[in-house]
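**Q** the following comprises the amino acid sequence and a computationally predicted model.
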Amino acid sequence: MPVFFGDSNTDRFTQENPMSQTTASVATAASATARPVIAESATAQGRRARIALRGLQVLLALFYVIASALPKLIAHPAAAESFDKMGWGSTGMYIIGVLELAGGVALLIPVLQSVAAMALSGLMVGAFVVTLTYLNGENAATPLILIVPLALIAWARRRHNADLLRLVLRRA
């Protein structure tokens, strides 16, 4: 018996079929004629998320290579002064610069992305501690802020760790 919503002779809210059966038949009919909208949006969202993550990796790589490593590697006076103030001298400055340069480049290499993000996070923890102890906390928030996107990259690209392990074990 069909359901008539608005007929004065029947109760407006009573149905012969339960709602789940009605919903299931509508969903079955819709899936037979077209692809489900949910699957399309999840694919589109996944693609957008991958693009955004790649953009974030490029942005962080540029930051580490240009804004962080380069001043140390060219011995910019501000960088040299900071490392002299800590007592690390030019050797410490060049070592940190090379580590940041290597991490920035490795963020762009698929098999190294996750490991690079974890290594740079460790470097940022060290930078936070050094900033608090030697530089009186000036700009101490910067390393902590950088850890957040690095942790996201390390987690999102974690499957590359197995690929890297296979490469290392194959060569060993």
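**A** Arrived safely. Numbers count the residues shown, from 1 in each chain.

**Q** quick check: L165 vs A116, distance?
**A** 15 Å (C-beta to C-beta, to the nearest Å). No exception for glycine: its C-beta is placed from N, CA and C like everyone else's.

**Q** make that I66, sorry
**A** Relative to A116, and taking C-beta to C-beta, I66 is found at 16 Å.

**Q** higher neighbour count, the two?
**A** A116 (27 against 12; other C-beta atoms under 10 Å).

**Q** after the helix or strand containing the more buried one comes which helix or strand?
**A** Secondary structure from DSSP states H and E places A116 in helix 113-134. Once the chain leaves helix 113-134, the next helix or strand it forms, by DSSP H and E, is helix 141-156.

**Q** for that next one, packing partners?
**A** Counting by 3 or more C-beta pairs under 8 Å, 6 or more residues apart in numbering; DSSP states H and E, the packing neighbours recorded for helix 141-156 are helix 37-62, helix 113-134.

**Q** need those in JSON lines with mean pLDDT and distance to A102, can you?
**A** Listed next are the helices and strands packed on helix 141-156 as JSON lines, based on pLDDT from 0 to 100; distance: least, C-beta to C-beta, whole Å:
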{"stretch": "helix 37-62", "mean pLDDT": "83", "distance to A102": "11"}
{"stretch": "helix 113-134", "mean pLDDT": "96", "distance to A102": "8"}
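
**Q** before we move on, back to that, ok and the helix holding A116 relative to helix 141-156, angle-wise?
**A** 160 degrees (axes from the mean of the first three to the mean of the last three C-alpha atoms, to 10 degrees).

**Q** give the buried residues for helix 113-134.
**A** 113-121, 123-124, 127-128, 130-131 (16 or more other C-beta atoms under 10 Å).

**Q** L62 contacts L101, doesn't it?
**A** No - contact criterion C-beta atoms under 8 Å: L62 and L101 do not qualify, at 11.8 Å.

**Q** of the two, which one has the most company?
**A** Counted by other C-beta under 10 Å, L62 and L101 do not tie: L101 has more neighbours, with 18 against 14.

**Q** quick one: contacts for that one?
**A** Y64, V65, A69, L70, L73 (C-beta atoms under 8 Å, 6 or more residues apart in numbering).
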